[in-house]
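# Next come a sequence and a model predicted from it.
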Amino acid sequence: MLRRIYLKRKYVIISIISVVSFLLIWQFICDYAKLFPSFVLPSPTKVLTTFIKKFTNKSPDGATLLQNLLASLEIALSGFALGAIIGVPLGIAMAWYKKVDLIAKPLFDLLRPIPPIAWIPIMILWLGIGTAAKASIIFVSSFIPCVVNSYSGIKQTNNVHLWVGKTFGATNFELLRKIAIPSALPYIFTGLRVSLGTSWVSLVAAEMLASTRGLGYMIQIGRVVARTDVIIVGMLTIGGVGALLAFILQQVENRYIKGK
Amino acid sequence: MKKLTLEVRQNFIVIEYAIIAILGFLGIWHIAVTFTSIGKLVPGPLQVLAYFFQSFVVPIGKNTIQEHALISLERVLIGYSVGVVLGIASGIGMAGSKLFEAIFKPLFEIIRPIPTIAWIPLAILWFGIGEMPKYFIIFYGAYANVTLNTYAAAKSVNPTLLGAARMLGMKEKDLLLHIVLPSSIPQIFAGMQSGLSASWMGVIAAEMVKSNNGIGWVIIMGQESANTVQILAGMVAIAVMGFLMASGMRILEGRLCSWNQKKI
């Protein structure tokens, strides 16, 4: 027992040593060996100070880190909500009603292979570089996984459950509402999680190509003015917030989905 | 026999409705463009298709559209194959060796949540504007997904299989190659599928940000010259290629993992 605890600790210690030595080597390469100039690879301490300064400092992109983050979050979440509100019911309807399936599925399959970021140029041309274009791009990217997952979730409903429902005289709509949808909820949540991830990614792409604010814009400007420290701060923020959003949704899922 | 004919009839209905739906969609698009003011903003479907086929012989920029597509495809194949090979190796390595896992996993977990596209500015600063940043971005998209899936699969290998192999006298180092790797193949393929779409998205984004050829360049040039027809034709090409790549992967998976196909 003691030995097992020791073994467990041993690997945790190795992990900590690994991260610390990674940072130390990085610091050493930048500050002492000077293998790279700081616009190619800034040291970790430089990245950290830039991160702290960016909360108040507006250069080089004209907004603080928090302002950029809020701008990005606002658009990502509104596009995501729109995609979920339209995508989930459409997926359910496609799986449940034969006629909807026959009509909507071919059209959906036609649009599906287009990656969301390929919509960026056309949306910008149609809607300008404001919020509307970005929200539409995110709508497209979150809509697709929502439809796909709700569709397969409903299709996987256990037939025995449906037969029991029918035997007890449930109407078609009751079967959907009381049996099919509850049993498809884990799938629907997976769809939501995937689409939250893709929304966040496409938002970054959209902001890199056409925007005046947001995290994607910040790293793009960082590239233009060769401020690698700002780019790395932006990348870590994007990664961290993406992971945080996924975590929050996972918590909601664990809370509301029983009997997994 | 009777059941078969029923199935065939069902398939006919599906195809019939698909044709009706698609033709209806194109018809509404065409009518809307010809008879309303939307026509000023959106080109009609016939125009887009005509441009699409015309660009097989008339170059956009320096290359025809199939050359642009092949340039993008070549980039994807180079970065992707390196990413898949290294991804499988690191995934299996992390699952196989506790020490490697302890060293490598925390670093991987820090980098993993950063989306492929967010690497573009850094890749351009590091590797210039040639082919290298694109390879890097494609590589990353494949690597992150394949590593994650391989690792998860190799960690959850059926312990009965491992126990049986050990009991029959298999050496620990052979276990990895003969039990862990084969039984992880289905999930590795899932990782390769999502890696392929991440890579494909990454190359298009990279070409949109900085490039002078490739299919992503075609659509961003369309935006810059306000040429909607060119954008839509480029999107058609992207959709066709995305579809072909995903189906190719599915066929390959069907061949390699035929033992794992679920009977429906």
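Received, thanks. Bear in mind the structure is a predicted one, so any value in this text is a computation, not a measurement.
# Next up, the contacts around residue 243.
Picking chain A for this. Going by Cβ atoms under 8 Å, 6 or more residues apart in numbering or on different chains, residue A:243 touches residue B:113. The way it works is simple: take the backbone N, C-alpha and C, and place the C-beta from them, glycine included.
# that's the other chain; I wanted chain B
So residue B:243 contacts residue A:113 (Cβ under 8 Å, 6+ apart).
# element containing it?
Using DSSP states H and E, the element containing residue B:243 is helix B:228-256.
# tell me the mean pLDDT over that helix?
Mean pLDDT, computed over helix B:228-256, is 87.
# mind checking how far that helix is from the chain centre?
Here helix B:228-256 is found 8 Å from its chain centre; the criterion is Cα atoms, centre = their mean, to the nearest Å.
# Give me the buried positions along it.
Within helix B:228-256, the residues scored as buried using 16 or more other Cβ atoms under 10 Å in any protein chain shown are B:228-239, B:241-242, B:245-246, B:249, B:253.
# Give me the contact list for stretch B:80-88.
Residues from elsewhere that reach stretch B:80-88, judged by Cβ under 8 Å, 6+ apart: B:135, B:138-147, B:150, B:188, B:191-192, B:195-196, B:199.
# can you tell me which of these are in helices?
Among the contacts of stretch B:80-88, the ones falling in helices (DSSP state H) are B:135, B:138-147, B:150, B:188, B:191-192, B:195-196, B:199.
# gap between residue B:184 and residue B:128?
From residue B:184 across to residue B:128, the span is 37 Å (Cβ to Cβ, to the nearest Å).
# Which one of those two is surrounded by more residues?
Using other Cβ atoms under 10 Å in any protein chain shown, the more surrounded residue of residue B:184 and residue B:128 is residue B:184, with 24 against 11.
# Mean confidence (pLDDT) on whatever helix or strand the more buried one lives in, please.
In this structure, residue B:184 sits in helix B:181-209 according to DSSP H and E. What helix B:181-209 shows for mean pLDDT is 88.
# Which elements pack onto it?
helix A:181-209, helix B:65-96, helix B:120-127, helix B:132-155, helix B:215-224, helix B:228-256 (3 or more Cβ pairs under 8 Å, 6 or more residues apart in numbering or on different chains; DSSP states H and E).
# can you redo these as JSON lines with distance to residue A:157?
Converted to JSON lines, the helices and strands packed on helix B:181-209 look like this (distance: least, Cβ to Cβ, whole Å):
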{"stretch": "helix A:181-209", "distance to residue A:157": "5"}
{"stretch": "helix B:65-96", "distance to residue A:157": "34"}
{"stretch": "helix B:120-127", "distance to residue A:157": "42"}
{"stretch": "helix B:132-155", "distance to residue A:157": "27"}
{"stretch": "helix B:215-224", "distance to residue A:157": "40"}
{"stretch": "helix B:228-256", "distance to residue A:157": "24"}
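# Ok, which of the ones you listed comes nearest residue B:34?
helix B:228-256 (15.1 Å; Cβ to Cβ).
# and the residue lying closest to residue B:144 once chain neighbours are set aside, what pLDDT?
Leaving aside its chain neighbours, residue B:144 sits nearest to residue B:112 (5.5 Å; criterion: Cβ to Cβ, 6 or more residues apart in numbering or on different chains). pLDDT, residue B:112: 86.
# swap in residue A:132?
85.
# helix or strand right after the helix or strand hosting it?
For residue A:132, the host element (DSSP H and E) is helix A:131-155. Following helix A:131-155 in sequence order, the next helix or strand is helix A:159-167 (DSSP H and E).
# Give me the helices and strands touching the helix or strand that comes right after that following helix, please.
Downstream of helix A:159-167, the next assigned helix or strand under DSSP H and E is helix A:172-175. Contact analysis of helix A:172-175 by 3+ Cβ pairs under 8 Å, 6+ apart lists helix A:159-167 as its packing neighbours.
# now with 10 Å?
Helix A:172-175 sits against helix A:65-96, helix A:159-167, with contacts defined as 3 or more Cβ pairs under 10 Å, 6 or more residues apart in numbering or on different chains; DSSP states H and E.
# Chain B: which of those is closest?
Taking Cβ to the nearest Cβ, helix A:65-96 is the member of the helices and strands packed on helix A:172-175 nearest to chain B, at 11.4 Å.
# what residues does the following helix or strand past the closest one touch?
Once the chain leaves helix A:65-96, the next helix or strand it forms, by DSSP H and E, is helix A:98-111. The contact list for helix A:98-111, computed with Cβ atoms under 10 Å, 6 or more residues apart in numbering or on different chains, reads A:90-95, A:97, A:119, A:140, A:143-144, A:147-148, A:151, A:155, B:13-22, B:24-25, B:235, B:239, B:243.
# And the spatially most central residue of chain A, how far from chain B?
When Cα atoms, centre = their mean is applied to chain A, the residue found nearest the centroid is residue A:197 (1.7 Å). To chain B, residue A:197 is 8 Å away according to Cβ to the nearest Cβ, to the nearest Å.
# Please tell me how far that residue sits from residue A:227.
Per Cβ to Cβ, residue A:197 is found 27 Å from residue A:227.
# Could you do residue A:78 as well?
Distance from residue A:78 to residue A:227, by Cβ to Cβ: 29 Å.
# of these two, who's got more company?
Neighbour count, other Cβ under 10 Å: between residue A:78 and residue A:227, residue A:227 has more, with 24 against 16.
# what sits against that one?
Counted by Cβ under 10 Å, 6+ apart, residue A:227 has contacts A:38-39, A:42, A:50, A:59-61, A:218-219, A:221, A:233-234, B:121, B:125.
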